[in-house]
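Q: fold the following, please.
(one chain, ligands or ions: 1)
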Amino acid sequence: MEKMDRNDPLEMALEQVDIAAERLRLSPGMVGKLKSRQQEITVQFPVKMDGDEIRIFTGYRVQHNDIRGPYKGGIRYHPDVSLNEVRALAMWMTWKSAVVNIPFGGAKGGVICDPKTMSATELEHLTRRYTWQISSMIGPERDIPAPDVNTNPQVMAWIMDTYSTMKNRTVPAVVTGKPLELGGSVGRHEATGKGVFITGAEAAAHLGLSLEGARVVVQGAGNVGGIAAKFFQDAGAKIIAISDSTRGIYNEKGLNMDEVFVCKSRYKCLIGEQLKAEEITNAELLELDCDILVPSALEGQITGENADRIKARIIVEGANGPTTPEADRILYDRGVFIVPDILANAGGVTVSYFEWVQNLQNLLWSEEEISEKLTSILKRSFREVLDISEREKVDMRTGALMLGIKRVADATRFRGFYP
Ligand code: GLU
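A: Numbers count the residues shown, from 1 in each chain. Coordinates of the predicted model:
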């Protein structure tokens, strides 16, 4: 048998299914169905770079499961994108949509590229050509992409424009996370970070930890980590450290998030000197003494290797898959409370759902409506996951997986198999 790589995201995702499926007593046939992917595509395509040179890029779209509704999930641009990573992320989207009980399945896309070294024109060419290559797989009732690592509303606008041009009509509902000017929803931009805060605050309340003065450490200063940090700070917590892909910065007295944003936009990275903070590595940041740790970057950050040294009391997973199953066991034994990714960062796909619903009906909801609906869905989901984890005496991740996977398995049984 091939040796299993414990830090391979797909191996992690499959192991998580086994853990939940055993508790749910699912049949081997059902487990096989849930672990398998319905469709996946690898595309290689040429992009004309600024110097007129042609470069070939590789991209993926993986459609894991659409039993409960159209496939849904973001598109990631990153040099480390791999097919197994996209497969894992697609599977996590299926469970995530089911945990918050919105009528979507799960998919994910990715392109191997380094957007930090590419111009806006090159990114536009890459996005349009990738969209064209996956265009037969996507659509408002089929598969609806959204932003993920290194993609943003502008990228979504290019996808929507390319798809609409191909169809000879404007199709806003083909993607979510669009600019407001093109049918994007108010509240979508901050939804993931806000959801991380809402579920993190629920966890703190459950454990009797006051947010006033709580020490929070955030890995990632982008759309998820940066925004979550701002919400925690506004609630009275102290952001003692935050990082980006280059480094972390640390100040025990607390950082000012508004200054962090100014530094990021001016210098494109965090600079200790500018922010009156000590520079540390991302690895050191994870092990800082704190109350709440918010990993909001990439997968496989908390592993069997460093889990023993994590000092946080609560971990709120802004990223997808930051903690390996081996680390989960160590942290659970040590009493660390984890709000798992498929619950903690589900605010993004939840407001994506609101955006899609508004687009299909040509409606515009208010910010208050969106915020109220998002908060109530996340609080209810947190409570449901907590109830399962207490009843079954399992960690919150297993509770969330049991909730999500059971919903998908039940829907599968009702539909049956055709032919
Ligand atoms: N990429 C985000 C996630 O991982 C959002 C997905 C969406 O809105 O469809 O949840």
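
Q: how about the closest residue to Arg247 other than its chain neighbours, secondary structure?
A: Closest residue in space to Arg247, ignoring its immediate chain neighbours: Glu279 at 5.3 Å, by Cβ to Cβ, 6 or more residues apart in numbering. Glycine gets a C-beta too; all of them are placed from N, C-alpha and C. What DSSP: H, G, I helix; E, B strand; the rest coil gives for Glu279 is strand.

Q: just the buried positions in stretch 135-153, please.
A: Buried residues in stretch 135-153, counting neighbours by 16 or more other Cβ atoms under 10 Å, are found at 137-140, 143-153.

Q: sorry, back to before: specify the beta-bridge partners of the residue nearest to Arg247.
A: As for beta bridges, Glu279 partners with Ile249 under DSSP bridges.

Q: what is the neighbour count of it?
A: The tally of other residues near Glu279 (other Cβ atoms under 10 Å) stands at 16.

Q: try the one 10 residues further on
A: Using other Cβ under 10 Å, Asp289 has 10 other residues around it.

Q: bridging residues for Gln219?
A: Note on Gln219: beta-bridge partners by DSSP bridges are Ser243, Pro295.

Q: so who does it touch?
A: Counting by Cβ atoms under 8 Å, 6 or more residues apart in numbering, Gln219 touches 225, 242-243, 248, 282, 285-286, 293-297, 301, 319, 322.

Q: kindly indicate the member of these with the most neighbours.
A: Counting by other Cβ under 10 Å, top hit in these: Val294 with 32 neighbours.

Q: mind listing the strands for the stretch 201-350 of the chain?
A: 215-219, 238-243, 248-250, 278-280, 292-295, 314-316, 337-339 (DSSP state E, counting those that start in this stretch).

Q: any idea which of those is most buried?
A: Of the strands of the stretch 201-350 of the chain, the one with the most neighbours on average (mean count of other Cβ atoms under 10 Å) is strand 292-295, at a mean of 29.

Q: does any part of it sit near the ligand?
A: No: with Cβ under 6 Å from any ligand atom as the criterion, the ligand is not reached by strand 292-295; the gap is at least 13.7 Å.

Q: contacting residues around that strand?
A: Strand 292-295 is contacted from outside by 196, 200, 204, 209, 214-220, 225, 228-229, 232, 237, 286, 301-302, 310, 312-319, 322-323, using Cβ under 8 Å, 6+ apart.

Q: how far away is the residue of the stretch 51-200 of the chain found nearest the ligand from Ile370?
A: Of all residues in the stretch 51-200 of the chain, Gly74 sits closest to the ligand, at 2.8 Å by Cβ to the nearest ligand atom. According to Cβ to Cβ, to the nearest Å, Gly74 and Ile370 sit 19 Å apart.

Q: of the two, who's got more company?
A: Neighbours were counted for Gly74 and for Ile370 using other Cβ under 10 Å; Gly74 has more, 26 against 20.

Q: in which helix or strand does the closest residue to the ligand within the stretch 301-419 of the chain reside?
A: The ligand sits closest to Ser352 of the stretch 301-419 of the chain, with a gap of 3.3 Å, by Cβ to the nearest ligand atom. Using DSSP states H and E, Ser352 maps to helix 347-361.

Q: that helix: which residues count as buried?
A: Buried, per 16+ other Cβ under 10 Å, within helix 347-361: Gly347, Gly348, Val349, Thr350, Val351, Ser352, Tyr353, Phe354, Glu355, Trp356, Gln358, Asn359.

Q: which is the next helix or strand following that helix?
A: helix 367-392.

Q: so what does the helix or strand following that following helix touch, helix or strand wise?
A: Moving toward the C-terminus from helix 367-392, the next helix or strand (DSSP H and E) is helix 396-415. Judged by 3 or more Cβ pairs under 8 Å, 6 or more residues apart in numbering; DSSP states H and E, the packing partners of helix 396-415 are helix 9-24, helix 28-35, helix 83-99, strand 337-339, helix 341-344, helix 367-392.

Q: could those be laid out in JSON lines, adding mean pLDDT and distance to Arg129?
A: Conversion of the helices and strands packed on helix 396-415 to JSON lines gives the following (pLDDT from 0 to 100; distance: least, Cβ to Cβ, whole Å):
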{"stretch": "helix 9-24", "mean pLDDT": "98", "distance to Arg129": "26"}
{"stretch": "helix 28-35", "mean pLDDT": "98", "distance to Arg129": "32"}
{"stretch": "helix 83-99", "mean pLDDT": "98", "distance to Arg129": "18"}
{"stretch": "strand 337-339", "mean pLDDT": "98", "distance to Arg129": "38"}
{"stretch": "helix 341-344", "mean pLDDT": "98", "distance to Arg129": "30"}
{"stretch": "helix 367-392", "mean pLDDT": "98", "distance to Arg129": "33"}
